[in-house]
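J.: Just to be clear, the model below is a prediction. Sequence and coordinates:
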Amino acid sequence: MGNREDLMAGAIQCLKEKGWSRTTVRDIAAAAGVSHAAIGYHFGSREALLLTAFSQAMDEWGREVQREMMSAIDPGASPSEQYRASWRAMIDSYGRNRQLWLASIEAFVQSEHHPELRRQLAAAQREGRRGMAAGALGIDEDDLTEADERRIGAVATALNSGIMLQHMLDPENAPTAEEVVDGLVKLVSLVQ
């Protein structure tokens, strides 16, 4: 790997281990095995490097979870069981990716003071909504309507974020996949 790739790997490692605000230029350089000056040369600033590294880490996480969810779903199962299986895979991913989830929460807070981070997070959120809506509907993202992205994707994203926060704070008492789906069914029955 070259310095740029080493810096990306070092920054991702630091984000996972130390979080956004506690990661220093010195930390990244040490993790990457390069000089401090390499950060400025390749990325311009610590913030720009962290933005790029965070985006790459979240993209990798998204692909990993999507693969896990697809492999957990039995195509011959009922839609209800497929949905439960996808929630089991998602909830399992919380524990394996705890540090990245915590870094993402911290990034949301940091975005209040970093317009570029806010822009990137908003774009990632829209992309995530599209993926969640398409996955829930069992269609390709190219076939998704904007209305379904905003309705189904936004609700699925909000639900995922809330369940993830519960698992981060109190995993022993957080809902299982079955409880999430049963709760959704109950909520829907209240408005029908």
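T.: That came through, no problem. Residues are numbered from 1 along each chain as shown.

J.: what's the lowest-mean-pLDDT helix or strand in the chain packed up against?
T.: Confidence across the helices and strands of the chain bottoms out at helix 46-72, with a mean of 84, counting by mean pLDDT, DSSP states H and E. Where contact means 3 or more CB pairs under 8 Å, 6 or more residues apart in numbering; DSSP states H and E, helix 46-72 is packed against helix 3-18, helix 25-32, helix 36-43, helix 79-96, helix 98-110, helix 115-137. Bear in mind the C-beta positions are built from the backbone N, C-alpha and C, glycine included.

J.: Just the buried residues of the longest one, please?
T.: It refers to helix 115-137. Residues of helix 115-137 classed as buried under the neighbour-count rule (16 or more other CB atoms under 10 Å) are 117, 120-121, 124, 127-136.

J.: roughly how far is that helix from the heart of the chain?
T.: Computed by CA atoms, centre = their mean, to the nearest Å, the chain-centroid distance of helix 115-137 equals 9 Å.

J.: and the helix or strand just after that helix, how far out from the chain's middle?
T.: Past helix 115-137, heading to the C-terminal end, the next element that is a helix or strand (DSSP states H and E) is helix 146-148. Helix 146-148 sits 21 Å away from the centroid of its parent chain (CA atoms, centre = their mean).

J.: Rounded mean pLDDT for helix 146-148, please.
T.: Helix 146-148 shows a mean pLDDT of 94.

J.: How many neighbouring residues does Gln66 have?
T.: When neighbours are counted by other CB atoms under 10 Å, Gln66 registers 14.

J.: what do you get for Leu187?
T.: Count around Leu187 with other CB under 10 Å applied: 9.

J.: which SS state does it fall under?
T.: Using DSSP: H, G, I helix; E, B strand; the rest coil, the three-state assignment for Leu187 comes out as helix.

J.: Make 778 the first number, not 1, from now on.
T.: That works, and once the first residue is 778, the last one we named lands at Leu964.

J.: need the contact list for Leu826.
T.: Leu784, Met785, Ala788, Ile805, Ile816, His819, Phe820 (CB atoms under 8 Å, 6 or more residues apart in numbering).

J.: Now, of the residues you listed, which are buried?
T.: Members of those that pass the buried threshold by neighbour count (16+ other CB under 10 Å) are listed as Leu784, Met785, Ala788, Ile805, Ile816, His819, Phe820.

J.: Can you give me the neighbour number for the residue lying closest to the first one once chain neighbours are set aside?
T.: By that I understand Leu784. Sequence neighbours aside, Ala809 is the residue nearest to Leu784 in space, at 4.7 Å (criterion: CB to CB, 6 or more residues apart in numbering). Using other CB under 10 Å, the number of residues around Ala809 comes to 23.
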